[in-house]
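> predicted model, plus sequence, below.
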Amino acid sequence: MLPMRSRSTKSAAESRVSRLELSQCTLQGELQRAHLRTAELDAETGALQERLTDTRKKLGESEDQCATLKVSEERLAVSLARAEQHENMLREQVHMLSNTISLNRKNTEDLQEQVTELQRALAASEGDRRLLQVQCVIQSSSYY
């Protein structure tokens, strides 16, 4: 038989071995969980990396569209400015033509009045001419 001290040392050593084996099993379980978690995190990182790439691509496309829209906006602004300038020029022409039409109407009315006065004067002078002709005829016949 083993001495008592040896037995207690052996028992303590076996106990320690059991605790270490239990600890080792626990650590191996934790290591497995850590590996699983690492795999999960790697998968999440890959998915996030893919999302980031897609988002950057979309951002680039959006920036390109924005640049295109800015160019279009600038072109439209220039076209609008030209159209407004042309519109103002046309408004001035319309105003000038309206003034010309008004002036022509006034001149036409004045000319119409002059024609009416000339017609009256003509009618009066024709009446005077007839009267003078009659008087001439009368005087000529009185001389003969």
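Everything's here; your move. Numbering: from 1, shown residues only.
> tell me how many other residues crowd residue 78.
10 (other Cβ atoms under 10 Å). For glycine as for every other residue, the C-beta is placed from the backbone atoms N, C-alpha and C.
> could you say which helix or strand contains it?
helix 4-143 (DSSP states H and E).
> what is the mean pLDDT for that helix?
Computed over helix 4-143, the mean pLDDT rounds to 95.
> nearest the geometric middle of this protein, what residue?
Nearest to the mean C-alpha position of the chain, counting by Cα atoms, centre = their mean, stands residue 73 at 5.8 Å.
> any idea how far that one lies from residue 17?
Relative to residue 17, residue 73 is positioned 80 Å away (Cβ to Cβ, to the nearest Å).
> and for residue 83?
The value you get for residue 83 to residue 17, if Cβ to Cβ is used, is 95 Å.
> thinking again about what came up before, show me what the helix holding residue 78 is packed up against.
Of the remaining helices and strands, none touches helix 4-143 by 3 or more Cβ pairs under 8 Å, 6 or more residues apart in numbering; DSSP states H and E.
> now it, how far from the centre of its chain.
Relative to its parent chain, helix 4-143 has a centroid offset of 1 Å by Cα atoms, centre = their mean, to the nearest Å.
> could you do stretch 134-144 as well?
95 Å.
> buried residues in it?
Judged by neighbour count (16 or more other Cβ atoms under 10 Å), stretch 134-144 contains no buried residues.
> what does that stretch contact?
Applying Cβ atoms under 8 Å, 6 or more residues apart in numbering, stretch 134-144 turns out to have no external contacts.
> may I have that stretch as CSV, with CA atoms only?
Presented in CSV, the C-alpha positions along stretch 134-144 are these (Å, rounded to 0.1, in the frame of the first residue of the first chain):
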residue,chain,number,x,y,z
VAL,A,134,-74.4,130.1,-115.6
GLN,A,135,-73.3,133.7,-115.0
CYS,A,136,-70.8,133.4,-117.8
VAL,A,137,-73.6,132.1,-120.1
ILE,A,138,-75.9,134.8,-119.0
GLN,A,139,-73.3,137.5,-119.5
SER,A,140,-72.2,136.1,-122.8
SER,A,141,-75.8,136.1,-123.9
SER,A,142,-76.3,139.6,-122.7
TYR,A,143,-73.3,140.8,-124.8
TYR,A,144,-74.6,139.2,-127.9
